[in-house]
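Q: below are the sequence and a predicted model; questions follow.
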Amino acid sequence: MSYLALVTNNFDEVSHFYETSLGFPIVEQWDREHGRGHRFDIGGMRLEILDNARERHPLWVFYPSERFQIVVEVSDIEAAHERIAVSAPKPEATSWGATLFQVRDPDGVPVTFLQWNEGGAA
């Protein structure tokens, strides 16, 4: 997979969340009459945020379901928790070999930070 693209009606707020609140760098951006977007590096994977208001044919954007989430694997869950600039629950160990915490972006998309524990899946 090359990257994940999310279309939003809240472009400025969502972009600010990923860049400033979560600290993911913008690696590419564009601002044209019929398209505006930011592409972020989220730890080796790319996340593209597209401004639905600028699309030539805007999409019907609905509240996200629980069918997908963005998962960011980290080597130090405590450091990741300290680094982000949004309120997040404390990391918790799972029964399946990981420690994680989850936040939601301004559109409600779940973003899970996950560290595999010794003996957990990789």
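A: Perfect, I can see it now.

Q: got the domain ranges for this protein?
A: 3-54, 70-116 (automatic domain parsing).

Q: what comes up buried for stretch 9-28?
A: 10, 11, 14, 15, 17, 18, 21, 22, 24 (16 or more other Cβ atoms under 10 Å). (Each C-beta comes from the backbone N, C-alpha and C, glycine too.)

Q: helices - which of those land there?
A: 11, 14, 15 (DSSP state H).

Q: quick one: pLDDT of the second one?
A: If I follow you right, that is residue 14. Residue 14 is assigned 97 on the pLDDT scale.

Q: you'd agree it is up against residue 7?
A: No. The criterion here is Cβ atoms under 8 Å, and residue 14 misses it with residue 7 at 9.9 Å.

Q: give me the contacts around stretch 17-34.
A: For stretch 17-34, the surrounding residues in contact (Cβ atoms under 8 Å, 6 or more residues apart in numbering) are 15, 36-43, 46-47, 49, 54-56, 83-86, 103, 105-106, 111.

Q: which parts of the chain are helices?
A: So, for the chain - with DSSP H - the helices run 11-16, 77-83.

Q: with distance to residue 63 added, can I get the ones you listed in JSON lines?
A: Converted to JSON lines, these look like this (distance: least, Cβ to Cβ, whole Å):
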{"stretch": "helix 11-16", "distance to residue 63": "13"}
{"stretch": "helix 77-83", "distance to residue 63": "26"}
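
Q: so for residue 92, which of the ones you listed sits nearest?
A: With Cβ to Cβ as the measure, helix 77-83 is the member of these nearest residue 92 (9.6 Å).

Q: show me what the closest one is packed against.
A: Applying 3 or more Cβ pairs under 8 Å, 6 or more residues apart in numbering; DSSP states H and E, one finds that helix 77-83 contacts strand 98-104, strand 110-116.

Q: just so I know, which of those strands lies nearest residue 79?
A: strand 110-116 (9.5 Å).

Q: what comes up buried for stretch 56-67?
A: Buried residues in stretch 56-67, counted by 16+ other Cβ under 10 Å: none are found.

Q: now do that stretch: distance to the chain's middle.
A: Mean C-alpha position of stretch 56-67 versus that of the full chain (Cα atoms, centre = their mean, to the nearest Å) differs by 16 Å.
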